[in-house]
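Novice: Fold the following, please.
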Amino acid sequence: MLIPELPDFLTKMGGGEFKGLIISLFTLTAMASRPFSGKLTDMLGRKPVMMVGGIVCLICSLLYPVLTTVAGFLMLRLLHGFSTGFSPTGVAAYITDTIPSNKRGEAMGWVGTAGALGMAGGPGISDLVVSNFGFNALFYLSATFAFLSVLIMMQVNETLREKKELTWRFLKIKPADVYEPLVLAPAFVMLLTAFSYGAVFTLMPDFGKHVNIMSKGLLFTSITIASLVIRLIAGKASDRYGRIAVLKLSVPLMIIAMVTIGTSTTPEQLIIGCVLYGFAQGSTSPTLLAWTTDLCDDQHRGRGIAFFYIFMEMGIGLGAFVSAWIYGNDSSQFFITFVVCASLCAVASFYLMTKHRTRYAQ
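Specialist: Residues are numbered from 1 along each chain as shown. Model (predicted):
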């Protein structure tokens, strides 16, 4: 709901040249907080880690109308990243605790479907809210949804069997608390493909205007509806045919989507590119997460999931920052920006084609 409107919000404050930092600062903090969320998920439990994310989102949404300077806004984007750094780690560990391994792809598809519904509905109403009630109303509505999420998570039963009491030593992070070699393969693929996500969500508002699409929500909604349609199908397919088998189709589709977007000169072509990207991203993301949970050690599930998400945040952050730098508010640079995205997806596709089969990835 916030992402489509934040570039205009920042521009009106006089910070238009910092648009690339809207997502990259957010993902920087999300990435930095992953080792903590992973360790706390394994030590304290899934529920408190999930709740931290919702509480941070609530606080930040209430502060956006208060901190109305460019510096204050950028600081909030850093703080807001903790929400993504915590909640998904706890959610993925909770789901993995409760779902058998042969159903994880489908389960992650359901989780992704719920997220896609939010991602489809949010941009669809954000332009309407801002146009009629202003930016502050948008931030207060965001806070309301965050508050509701906290209320829901309060009803969840903890699934970690052996919880430990919180001590300061839990906040001391060692390399062993971060590095999880068991999930390197899906993490590497996520790094390369998430670059496109950062680029798409940073540049779509400007690209839409370039081809005369005035509704910023239309493009984001196209992506998320396409993602919504494919997630359950891809999740079940990965359970039946294997994670890598699905990825060998979805990642090349992402290459096609990046080329289609990069060469778009009409509203119709750009929307087609966004739909293709939605299909590709909606298949790739839950499949990679299911593959990660397959490979995790049961005792260090939070660490493995957090390590995977670190690579995801790194890819999104780099994609947002580098794409904004290449673009430089010059529409002639859209093509080269998305060629870079397609090239990184091609590297991921080649890696998957040469990847040896494993128990869960075959």
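Novice: what helix or strand is residue 65 on?
Specialist: For residue 65, there is no host helix or strand (DSSP states H and E).
Novice: tally of neighbours for it?
Specialist: 15 (other CB atoms under 10 Å). Where C-beta positions appear, they are placed from N, C-alpha and C, glycine not excepted.
Novice: Would you check that it makes contact with residue 134?
Specialist: No. With contact defined as CB atoms under 8 Å, residue 65 does not count as touching residue 134 (9.3 Å).
Novice: Skipping its backbone neighbours, what lies nearest residue 282 in space?
Specialist: Excluding the flanking residues, the one nearest residue 282 by CB to CB, 6 or more residues apart in numbering is residue 227, at 3.1 Å.
Novice: can I assume that neighbour is in contact with residue 278?
Specialist: Yes. With contacts counted by CB under 8 Å, residue 227 reaches residue 278, the gap being 4.3 Å.
Novice: for the stretch 151-300 of the chain, what spans make up the strands?
Specialist: In the stretch 151-300 of the chain, no strands are defined using DSSP state E, counting those that start in this stretch.
Novice: Give the residue spans of it that score low on pLDDT.
Specialist: Segments of the stretch 151-300 of the chain classed as low confidence (criterion: pLDDT under 70) are 164-178, 216.
Novice: how about 80 then?
Specialist: 161-179, 214-217, 297-300 (pLDDT under 80).
Novice: Does residue 141 belong to a helix, a strand or coil?
Specialist: Secondary structure, DSSP: H, G, I helix; E, B strand; the rest coil: residue 141 is helix.
Novice: neighbours of it, just the number please.
Specialist: So residue 141, with other CB under 10 Å, has 18 neighbours.
Novice: Ok, residue 128 next?
Specialist: Neighbourhood size, residue 128 [other CB under 10 Å]: 12.
Novice: could you pull out the helices for the stretch 51-200 of the chain?
Specialist: 70-98, 104-133, 135-153, 175-178, 184-210 (DSSP state H, counting those that start in this stretch).
Novice: which residues does the residue nearest to residue 282 contact?
Specialist: The contact partners of residue 227, taken as CB atoms under 8 Å, 6 or more residues apart in numbering, are 112, 116, 119, 278-279, 281-282.
Novice: mind redoing it with 10 Å?
Specialist: Neighbouring residues of residue 227 by CB atoms under 10 Å, 6 or more residues apart in numbering: 112-113, 115-117, 119-120, 234, 275, 277-286.
Novice: gap between it and residue 126?
Specialist: The gap separating residue 227 from residue 126 is 18 Å, by CB to CB, to the nearest Å.
Novice: same check, this time on residue 290
Specialist: 30 Å.
Novice: how long is stretch 11-23 from one end to the other?
Specialist: Across stretch 11-23, the terminal residues are separated by 15 Å (CA to CA, to the nearest Å).
Novice: average pLDDT for that stretch?
Specialist: Per-residue pLDDT values over stretch 11-23 give a mean of 81.
Novice: Name the residues of it that come out as buried.
Specialist: 15, 18-23 (16 or more other CB atoms under 10 Å).
Novice: Out of these, which sit inside helices?
Specialist: 21-23 (DSSP state H).
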